[in-house]
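Undergrad: quick check, what structure comes out for this input:
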Amino acid sequence: MNGATARRAARAPAQAPRAVFFDLDGTLVDSAPDLAGALDSALHAAGLPVVEVRDVRPWVGGGAALLVRRGLRHALGGEEPRADLQESVLEAFLNAYERDICRLSCCYPGAAASLEVLARAGLRLACVTNKRARFTGKLLRALGLFERFDIVVSGDTTECFKPDPEPLLYAARALGLAPADCLMVGDSENDIRAARAAGIPLLWFPHGYHHGPEPSAAEIDGILPCFKELPGLLGITE
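TA: Sure, this is the predicted structure:
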């Protein structure tokens, strides 16, 4: 985290939220090692070069199909993959990931404890992710997080996924809240764009899978430098 980020880190949302929405991959959980392992398995089965975890991190966040497409382009030296190859590698990736969804994945430090503090303070909690439902629940349960959430919105819960605002608006409607009463915590451009379009304030988590330039002050409402600071940023003391 550079100096500019550190100076902005203490900026809290202007309004105390009644609900907090969390992205999953790259925000609550560092899942890149297991995603990379599944992608390697699928690429190897297709006779293609495997990839490194460092390559996979910036590819995460747009759903499995986009992750596999990016992996194939990388393995093919920038060439666009054929549709049949994309389909077969995607299916192999999904099967491999389901088998080993939580072998190396882990919560970011302080994430689980912060969820517990927020829930005790009476805030409603939602997980809003582009990960498919067949994987979301399995990963959350493996990490002991599933029961912390009042609602889980996966990439196939609604017709659109982030950066479309609909998953965030769906969560707000399900909780009976206005968007302005909610707060999004996320790491990627998809989270930022979805929150802005939904009219939901956003705390940016800078240690996830965001790639490209650091978001501007106009794009986000504050920075979450580490999860242990989240309760304090929301005015919760224990």
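Undergrad: going forward, measure contacts between C-alpha atoms and count neighbours the same way
TA: Noted.
Undergrad: go through stretch 224-233 and flag the buried ones.
TA: Neighbour-count burial for stretch 224-233, counted by 16 or more other C-alpha atoms under 10 Å, picks out 224-225, 227-228, 230-231, 233.
Undergrad: just flag the most distant two among the residues you listed.
TA: Maximum pairwise distance in these, criterion C-alpha to C-alpha, is 12.3 Å, between Pro225 and Pro231.
Undergrad: contacts for the helix ranked longest in the chain, please.
TA: The helix that spans the most residues within the chain, counting by DSSP state H, is helix 83-99. Residues from elsewhere that reach helix 83-99, judged by C-alpha atoms under 8 Å, 6 or more residues apart in numbering: 34-35, 37-39, 41-43, 46, 64-65, 68-69, 72, 135.
Undergrad: how about the helices in this protein?
TA: With DSSP H as the definition, the chain shows helices at residue ranges 3-8, 32-45, 53-56, 64-75, 83-99, 111-120, 133-142, 166-174, 189-198, 230-233.
Undergrad: got the buried residues for the fifth one?
TA: Within helix 83-99, the residues that count as buried by 16+ other C-alpha under 10 Å are 86, 89-94, 96-98.
Undergrad: please export the C-alpha coordinates of it as CSV.
TA: The C-alpha coordinates for helix 83-99 follow below in CSV (Å, rounded to 0.1, in the frame of the first residue of the first chain):
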residue,chain,number,x,y,z
ALA,A,83,-15.1,-22.4,-29.0
ASP,A,84,-14.9,-26.2,-28.6
LEU,A,85,-11.6,-25.9,-26.7
GLN,A,86,-13.0,-23.2,-24.5
GLU,A,87,-16.0,-25.4,-23.7
SER,A,88,-14.0,-28.5,-22.9
VAL,A,89,-11.4,-26.7,-20.7
LEU,A,90,-14.1,-24.9,-18.9
GLU,A,91,-15.9,-28.1,-18.0
ALA,A,92,-12.6,-29.7,-16.9
PHE,A,93,-11.8,-26.6,-14.8
LEU,A,94,-15.2,-26.6,-13.1
ASN,A,95,-14.9,-30.3,-12.2
ALA,A,96,-11.3,-29.9,-10.9
TYR,A,97,-12.2,-26.8,-8.9
GLU,A,98,-15.2,-28.5,-7.2
ARG,A,99,-13.0,-31.4,-6.2
